[in-house]
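Trainee: Generate a structure from the sequence data that follows.
(one chain, ligands or ions: 1)
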Amino acid sequence: MKQPAYISPSSPNQALADKYPPHGLVKSTVAFPKTLSPQEAPVQEVFSSIQGEGLYAGCRQVFVRFAHCHLHCAYCDTPMTTPSGQCAVEWQAGSHQWASVENPLKQEALVDIIGQLLTTQGKHHSVSFTGGEPLLYAQFLTGVLPQIQALGVKTYLETSGTQPQLLEALLPFLDVVAMDVKLPSATKQAPRWDEHRAFYALLQVNPIFTGEVFIKCVFNHATTLDELSQLKTIVTNPDTVIYLQPETPLVKEASTLTIQAHHLLQLQAGVAGWFNDVRVLPQTHKFLQVS
Ligand code: SF4
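Mentor: Residues are numbered from 1 along each chain as shown. Purely as a prediction, here's the structure:
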């Protein structure tokens, strides 16, 4: 899909935003969550494609990309709205032909779109709710997720892992949680260790959640093992799979990662001293050139 031109928003931390331009964040042309009813949400895109990250890399999914995020990661490559503010739906996977649907979407409209993609685009492992930050629409999702499970596919949440207070209501309806741990060396923002701790703890102690969780850490040349040692204070189950994801260059022409092999190997070896399954995986969908 051709990416829209980015327009920087005003930022609560303008000094950092000026130093590290917020590549993915665009000035919104759709309503922010607070102005919406719980039965509606601004959705940026819905499409069928291949998961490129984490535990289910390579699996076919329907992706629901919500607009907006409360964070401001320097490496963010996700446009937060379409230029028109409408939801773009790719009815034929990989066609790059996108239909426009009026935002905000009602719950029943989103379930209907997902259902049609599941019916027409072959077998899918799951439906990925991504963003932006899907948990900004937690109430909306409490109505959507059970309907998706009823369609016979798993629900998969991609989240920054920073809003435990919004996660709780969704726990009965989540099959897979891909939880980020945000490293300041990559985000160029303040750490969020306490929020990550509370978020992960909720997934471990609440018996209502019976799904899987894995951790994703985007890292770069500035990331140190000392910084990654925070994982030990967040991820209390050593069997939780940890993905170290090299930061993808934002410059379109850059076809190779900027992280030295010895650096990523040292980091993996170090983290593997604390956890039983530590994997290094770049964003494979970028190499496949799929959405
Ligand atoms: S949490 Fe994700 S969507 Fe939000 S700014 Fe960071 S990278 Fe972008």
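
Trainee: What residues does the stretch 101-250 of the chain have near the ligand?
Mentor: Residues of the stretch 101-250 of the chain that fall close to the ligand, judged by CB under 6 Å from any ligand atom: 131, 132, 133, 160. Glycine gets a C-beta too; all of them are placed from N, C-alpha and C.

Trainee: So what's the predicted local confidence for residue 85?
Mentor: Confidence at residue 85, expressed as pLDDT, is 85.

Trainee: Give me the three-state assignment for it.
Mentor: The three-state label given to residue 85 by DSSP: H, G, I helix; E, B strand; the rest coil is coil.

Trainee: where does residue 200 sit relative to residue 182, distance-wise?
Mentor: Shown here: residue 200 relative to residue 182, a distance of 13 Å by CB to CB, to the nearest Å.

Trainee: Show me the common contact partners of the two, please.
Mentor: Counting by CB atoms under 8 Å, 6 or more residues apart in numbering, the contacts common to residue 200 and residue 182 are residue 161.

Trainee: Could you pull out the strands in the chain for me?
Mentor: 40-41, 43-50, 60-66, 87-89, 99-101, 105-106, 126-130, 154-159, 176-180, 212-219, 242-246, 278-280 (DSSP state E).

Trainee: okay, those strands in a markdown table with distance to residue 74 next?
Mentor: Below are those laid out as a markdown table (distance: least, CB to CB, whole Å):
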| stretch | distance to residue 74 |
| --- | --- |
| strand 40-41 | 26 |
| strand 43-50 | 20 |
| strand 60-66 | 20 |
| strand 87-89 | 25 |
| strand 99-101 | 30 |
| strand 105-106 | 30 |
| strand 126-130 | 19 |
| strand 154-159 | 19 |
| strand 176-180 | 14 |
| strand 212-219 | 10 |
| strand 242-246 | 15 |
| strand 278-280 | 21 |
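
Trainee: so how many other residues sit close to the nearest residue to residue 190 once chain neighbours are set aside?
Mentor: Among residues not flanking residue 190 along the chain, residue 184 sits closest, at 6.6 Å (CB to CB, 6 or more residues apart in numbering). Residue 184: 16 surrounding residues under other CB atoms under 10 Å.
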